[in-house]
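Engineer: Give the three-dimensional model of this entry:
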Amino acid sequence: MCVPKKINQSFHDEQCMVSIQRVSQSLMTFNLLFSLKLECEKLASEKIEIQRHYVMVSIESAVKKLILLCMQCSQMTNSGNKLCAI
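Structural biologist: Residues are numbered from 1 along each chain as shown. Below is the predicted model of the structure:
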């Protein structure tokens with residue numbers, strides 16, 4: 001049975017449109033996933049920077065406390081207290 005050429009062309013055009021829509025949806029999904037990947041990398045980088053800052057602040061705090069303890073110990077040693085003498 002012969003199918004008129006117009007019907008075949010119409011079916012072909014419809015299939016092309018469906019394929020184009022699928023490709024378009026796939027591209028949008030890919031772009032969304034890529035944006036999410038970039039955001040995750042940015043957050044991971046910020047997390048590392050925050051952790052570094054926390055470590056530095058902790059070290060600075062520990063050093064300040066150690067200096068204060070040494071100063072107190074030095075003052076106590078100068079006043080004759082043998083408890084702090086090393």
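Engineer: Centre of the chain to the helix or strand containing residue 64, how far?
Structural biologist: Residue 64 is located in helix 5-78, with elements delineated by DSSP states H and E. On the basis of C-alpha atoms, centre = their mean, to the nearest Å, helix 5-78 sits 2 Å off its chain's mean C-alpha point.
Engineer: quick one: average pLDDT of that helix?
Structural biologist: Averaging pLDDT along helix 5-78 yields 91.
Engineer: In terms of secondary structure, what does it contact?
Structural biologist: Other elements packing on helix 5-78 under the criterion 3 or more C-beta pairs under 8 Å, 6 or more residues apart in numbering; DSSP states H and E are absent; no helix or strand qualifies. For every residue, glycine as well, the C-beta is placed using N, CA and C.
Engineer: Against residue 18, how distant is residue 57?
Structural biologist: Relative to residue 18, residue 57 is positioned 58 Å away (criterion: C-beta to C-beta, to the nearest Å).
Engineer: what do you get for residue 50?
Structural biologist: Distance from residue 50 to residue 18, counting by C-beta to C-beta: 48 Å.
Engineer: now do residue 71
Structural biologist: Here the distance between residue 71 and residue 18 works out to 79 Å (C-beta to C-beta).
Engineer: how much space between residue 64 and residue 54?
Structural biologist: Noted for residue 64: a distance of 16 Å to residue 54, by C-beta to C-beta.
Engineer: for residue 62, same thing?
Structural biologist: Here the criterion is C-beta to C-beta. By it, residue 62 lies 12 Å from residue 54.
Engineer: same deal with residue 22?
Structural biologist: From residue 22 across to residue 54, the span is 47 Å (C-beta to C-beta).
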